[in-house]
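**Student:** Here is a sequence with its predicted model. Questions after.
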Amino acid sequence: MTTRLRIAVIGGGPAGLMAADTLAPHAEVDLYEHGRNIGRKFLVAGQGGFNLSNQAEGKELLKHYSPSGFLDEALSAFGPANLRTWLMEMGIETFTGTSGRVFPKKGIKPIDVLEQIRQRLLQQGVHLHTGHAFTGFNAEGRAVIENNEELIELEADHVIFALGGASWPVTGSTGIWPALFKEIGIDVRPFGASNCGVEIVWPESFVQAHEGKPLKNVRFTAGGMTAWGESTITKHGLEGNAIYPVVPALRSGETVLHADLKPESTADRLVERIGNKAAKHFGEAVGLNRAQLALVKAFTPREVFASPQRFAEAIKDLRLPVAGLRPVGEAISTVGGIPTDALNADFSFKLHPHLSAIGEMVDWDAPTGGFLLQGCFAMGRFAGRALLAKHGIRP
């Protein structure tokens with residue numbers, strides 16, 4: 001009689017849940033989560049609209065991930081269409097919203113999606129262990145779990161780690177595990193904020209009058225990276241879907257955020273719209289709202305209003321000095337963690353092939369818009385299938 005493969009998955013986020021789902025029909029799977037419930041980041045992520053994936057496919061999908069090439073095979077094997085089919089198998093209908101973002105059908109809440117996944121895992125025989133925290137490795141390199149002060153050395157054939165990064169610590173992604181991996185020779189990179197707000201020192205009068213207001217239809221550029229969409233003025237600076245994609249450039253040392261307040265028009269066209277109007281009507285003539293006009297006044301010299309040409313050039317390239325990024329704990333996601341070059345193509349560790357790492361604990365990056373969750377799901381699916389193949393099991 002052949003002994004069934006025993007797999008431990010540590011971490012109950014999207015990557016870990018997908019790995020468990022992939023393995024469950026063919027192996028004995030135990031999933032360990034240190035919190036009281038699995039999938040807590042699902043619930044927090046869904047507060048602003050539960051963006052599960054993006055309709056992009058092929059090269060259009062892959063270009064959103066860095067480092068280039070790292071997730072290509074996983075995403076090609078399990079892309080957005082595959083994820084939507086998987087969700088539909090559980091009765092979770094999806095639709096494509098603005099900018100290609102994929103959401104559950106109206107009326108389906110994040111808690112509903114999570115419960116369907118939980119029920120699917122239970123039906124497939126996955127053993128869910130909540131309140132079990134990863135505490136390190138024993139002398140033989142086996143993972144150790146703590147539950148109610150009891151230490152448990154896992155007797156699994158393979159352990160898949162999906163411990164998360166350091167964003168939104170309230171969800172369990174506390175980023176406290178790196179020291180444990182350093183003990184087994186894995187050099188973990190420090191965490192840094194990604195998909196986060198940028199800090200700009202506003203004039204006091206500006207932030208008092210405009211905090212919380214949106215800047216719609218604006219293009220932001222930094223270090224060759226650009227995004228077009230909406231951002232929100234905060235007391236600290238700016239945040240939103242038009243800001244997050246350029247954060248990598250700012251994190252790398254760029255100190256100026258270039259804002260094009262009228263990306264659909266050329267400077268010449270804006271000059272034509274201004275015509276012979278007086279300077280106090282320049283903003284109105286080109287369709288700037290009060291917050292946008294106040295932004296121009298705050299970060300350009302008064303001489304800009306001396307001519308339509310200079311005003312047009314200013315709003316096409318308004319230069320905002322960036323003082324920094326918001327803290328890791330406020331970020332939607334993080335970079336850093338397990339270096340990609342520490343892993344094999346199947347996400348197992350080169351130094352410890354009986355261990356794997358997936359999800360946000362690995363040092364890859366992607367913007368919001370459904371790409372982060374898609375990347376985590378794809379890693380979980382790929383790691384699970386690769387592990388089965390390694391043991392001669394055909395899924």
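**Tutor:** Yep, that arrived. Numbers count the residues shown, from 1 in each chain.

**Student:** From here on, just use CA atoms for contacts and neighbour counts.
**Tutor:** Noted.

**Student:** Please point out which parts of the helix-or-strand element of the chain with minimal mean pLDDT sit buried.
**Tutor:** Sorted by mean pLDDT, DSSP states H and E, the helices and strands of the chain end with helix 40-45, the least confident at a mean of 73. The neighbour-count criterion (16 or more other CA atoms under 10 Å) identifies R40, K41, F42, L43, A45 as the buried residues of helix 40-45.

**Student:** And for stretch 110-122?
**Tutor:** So stretch 110-122, judged by 16+ other CA under 10 Å, has buried residues P110, V113, L114, Q116, I117, R118, R120, L121.

**Student:** just stretch 147-159 next, same as before
**Tutor:** Neighbour count says stretch 147-159 has I152, L154, A156, H158, V159 buried, by 16+ other CA under 10 Å.

**Student:** these two touch, right, the third one and A8?
**Tutor:** To tie it back to what came earlier, the one meant is A156. Yes - under the criterion of CA atoms under 8 Å, A156 makes contact with A8 at 6.0 Å.

**Student:** quick revisit: mind putting the buried residues of stretch 147-159 into JSON lines with secondary structure?
**Tutor:** Below are the buried residues of stretch 147-159 laid out as JSON lines (DSSP: H, G, I helix; E, B strand; the rest coil):
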{"residue": "I152", "secondary structure": "strand"}
{"residue": "L154", "secondary structure": "coil"}
{"residue": "A156", "secondary structure": "coil"}
{"residue": "H158", "secondary structure": "strand"}
{"residue": "V159", "secondary structure": "strand"}
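
**Student:** nearest to A267, of those?
**Tutor:** Using CA to CA, V159 comes nearest to A267 of these, at 57.6 Å.

**Student:** what's across from the closest one in the sheet?
**Tutor:** Beta-bridge partners of V159, counted by DSSP bridges, are A8, L355.

**Student:** From the contact counts, what lies against the biggest helix by length in the chain?
**Tutor:** Assignment by DSSP state H gives helix 371-390 as the longest helix of the chain. Helix 371-390 sits against helix 14-23, strand 53-54, helix 72-77, helix 80-89, with contacts defined as 3 or more CA pairs under 8 Å, 6 or more residues apart in numbering; DSSP states H and E.

**Student:** ranges for the strands of the stretch 201-350 of the chain?
**Tutor:** Using DSSP state E, counting those that start in this stretch, the strands of the stretch 201-350 of the chain run over residues 214-222, 225-233, 237-239, 256-260, 318-321, 324-325, 333-337.

**Student:** Double-check H64 against A366; I have them as touching.
**Tutor:** Yes - H64 lies in contact with A366 (CA under 8 Å); the separation is 5.8 Å.

**Student:** rewinding a little: farthest pair in the buried residues of stretch 147-159?
**Tutor:** The span of those, defined through CA to CA, is set by I152 and H158 at 15.4 Å.

**Student:** For the stretch 151-300 of the chain, give me the ranges with low pLDDT.
**Tutor:** Counting by pLDDT under 70, the low-confidence segments of the stretch 151-300 of the chain come to 168-175.

**Student:** tell me the domain boundaries of this protein?
**Tutor:** Taking automatic domain parsing as the domain assignment, the ranges for the chain are 6-193+335-390, 198-325.

**Student:** W228: neighbour count?
**Tutor:** Residues lying near W228 (other CA atoms under 10 Å) number 19.

**Student:** Run through the residues that contact the residue lying closest to it once chain neighbours are set aside.
**Tutor:** Among residues not flanking W228 along the chain, R219 sits closest, at 4.1 Å (CA to CA, 6 or more residues apart in numbering). Residues near R219 by CA atoms under 8 Å, 6 or more residues apart in numbering: T226, A227, W228, G229, A242, A259, D260, L261, K262, P263.

**Student:** Hmm, L61 and G370 touching each other?
**Tutor:** No - here G370 lies out of contact with L61, judged by CA under 8 Å, at a distance of 10.5 Å.

**Student:** out of those two, which sits in the busier spot?
**Tutor:** Higher neighbour count among G370 and L61: G370, with 21 against 18, using other CA under 10 Å.

**Student:** Which residues does the closest residue to the more buried one other than its chain neighbours form beta bridges with?
**Tutor:** Using CA to CA, 6+ apart and skipping the chain neighbours, the partner closest in space to G370 is S53 (3.7 Å). Per DSSP bridges, the residues bridged to S53 are V102.

**Student:** Tell me the spacing between S53 and P190.
**Tutor:** Per CA to CA, to the nearest Å, S53 is found 27 Å from P190.

**Student:** Between the two, which is the more surrounded one?
**Tutor:** Between S53 and P190, counting by other CA under 10 Å, S53 is the more crowded of the two (27 against 14).

**Student:** which residues touch that one?
**Tutor:** Neighbour list for S53: P80, R101, V102, F103, G369, G370, F371, L372, L373, Q374 [criterion: CA under 8 Å, 6+ apart].

**Student:** ok, the third one touching L52?
**Tutor:** In this case it means V102. Yes - with contact defined as CA under 8 Å, V102 counts as touching L52 (5.7 Å).

**Student:** what touches both of these two?
**Tutor:** Common neighbours of V102 and L52 (CA under 8 Å, 6+ apart) are G370.
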